[in-house]
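Novice: Compute the structure for the input listed below.
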Amino acid sequence: MKKGALYRSHENGRALLDETVTLVKTIPYWNVAGAQMISTGAIGAEKIFGSTNLEHIRDYVRQQSADAVVFAIDVLRPIQHHFFRNFLNVEVYDRYTTVLKIFRERCSTKESKLQLALAELEYVKKNLHHMQECDFSQFSMSKSFGGNFDTFYQIKKQVIQERESRLKRSLSSITTAYDEKRKHRTTLEIPTVAIVGYTNSGKTSLIKALSHDNSLRPEDRLFATLDVTTHQITLPSKMKA
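Specialist: Numbers count the residues shown, from 1 in each chain. You can find the predicted model right below:
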């Protein structure tokens, strides 16, 4: 867990740590062995923490016999991820990759799987641009492709763009189907109400209360519902919506 100039108070850092712990607990079969707040140096630096804190983190990870470490940082740079994975000798996650892992465990419909694939691809695209930060990447790329980093980068960029185009076309076909259903409801003059809110804020509970749909099972956990659903309710005016 990091804290420092990025956060205005200890309370904000503690809240971020608590939320990150909750995220990890959301992943099936994952348990939190321990959580700590540790002061940071420059958040953009390769090692983030000072040498004393780095040794403390490594000792703490070993004491807990942890298989992975999750940093309460939105997105680690590739060079940071590479350093911590080698230094700690365990899998390393930031908040973004933790959420992606949750989605990977939870998504079930074709639409949600396509959206997850696009989110993962976006992450790869951003990291690919900075892969030159890691010397090991240049070595492995030159050995595999028989060229330099620029050659590898262009090849990977083209592959990613092609993959992204295919995913977007598939998602677009699903969106088109939704648009047709929406136009049909508009033609019938059926009011449409959207329930929008942060994860685990009670959206499913509210929809269940409004629609009296007993098949809905609200859960007290983050990202319990990933798919968009539609339900019919009766307004006070007796109009259906």
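
Novice: pretty sure residue 222 is in contact with residue 21, am I right?
Specialist: No - Residue 222 is beyond contact range of residue 21, at 10.8 Å (criterion: C-beta atoms under 8 Å). (Glycine included, C-beta is placed from N, CA and C.)

Novice: ok, which stretches of the protein are strands?
Specialist: Along the chain, the stretches classed as strands by DSSP state E are 2-3, 38-39, 68-70, 91-93.

Novice: Check which helices and strands the last one is in contact with.
Specialist: Contact here means 3 or more C-beta pairs under 8 Å, 6 or more residues apart in numbering; DSSP states H and E; on that basis strand 91-93 packs against strand 68-70, helix 78-88.

Novice: again, but for the third one
Specialist: Other elements packing on strand 68-70 under the criterion 3+ C-beta pairs under 8 Å, 6+ apart are helix 10-26, strand 91-93.

Novice: Okay, buried residues for the longest one please.
Specialist: For helix 10-26, burial by neighbour count (16 or more other C-beta atoms under 10 Å) applies to 13, 16, 17, 20, 21, 23, 24, 26.

Novice: packing partners for the lengthiest helix in the chain?
Specialist: When the chain is parsed with DSSP state H, its longest helix is helix 149-187. Contacts defined by 3+ C-beta pairs under 8 Å, 6+ apart place helix 149-187 against helix 110-129, helix 135-145.

Novice: And these, which one averages the lowest pLDDT?
Specialist: Among those, helix 135-145 has the lowest mean pLDDT, at a mean of 44.

Novice: mind giving me the domain split of the protein?
Specialist: 2-102, 107-187, 190-241 (automatic domain parsing).

Novice: Tell me which of the ones you listed sits most buried.
Specialist: Mean neighbour count (mean count of other C-beta atoms under 10 Å) peaks for domain 2-102 among the domains of the chain, with a mean of 15.

Novice: which intervals of the protein have sub-threshold pLDDT?
Specialist: Within the chain, the ranges that satisfy pLDDT under 70 run 1-10, 129-153, 241.

Novice: Mind putting the helices and strands packed on strand 91-93 into TSV with distance to residue 233?
Specialist: Formatted as TSV, the helices and strands packed on strand 91-93 follow (distance: least, C-beta to C-beta, whole Å):
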stretch	distance to residue 233
strand 68-70	39
helix 78-88	46
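
Novice: Make a markdown table out of the helices and strands packed on strand 68-70 and add distance to residue 106.
Specialist: As requested, the helices and strands packed on strand 68-70 are exported to a markdown table (distance: least, C-beta to C-beta, whole Å):
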| stretch | distance to residue 106 |
| --- | --- |
| helix 10-26 | 9 |
| strand 91-93 | 16 |
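
Novice: Quick one, which of these gets closest to residue 172.
Specialist: Closest to residue 172 of the helices and strands packed on strand 68-70 is helix 10-26 (C-beta to C-beta; 30.1 Å).

Novice: Tell me how far that closest one lies from the chain's centre.
Specialist: The chain centre lies 15 Å from the centre of helix 10-26; the measure is C-alpha atoms, centre = their mean, to the nearest Å.

Novice: That one packs against which elements?
Specialist: Helix 10-26 sits against strand 2-3, strand 68-70, helix 95-106, with contacts defined as 3+ C-beta pairs under 8 Å, 6+ apart.

Novice: can you tell which of those is closest to residue 32?
Specialist: strand 68-70 (8.7 Å).

Novice: Strand partners (parallel or antiparallel) of the closest one?
Specialist: According to DSSP bridges, strand 68-70 has the following sheet partners: strand 91-93 (parallel).
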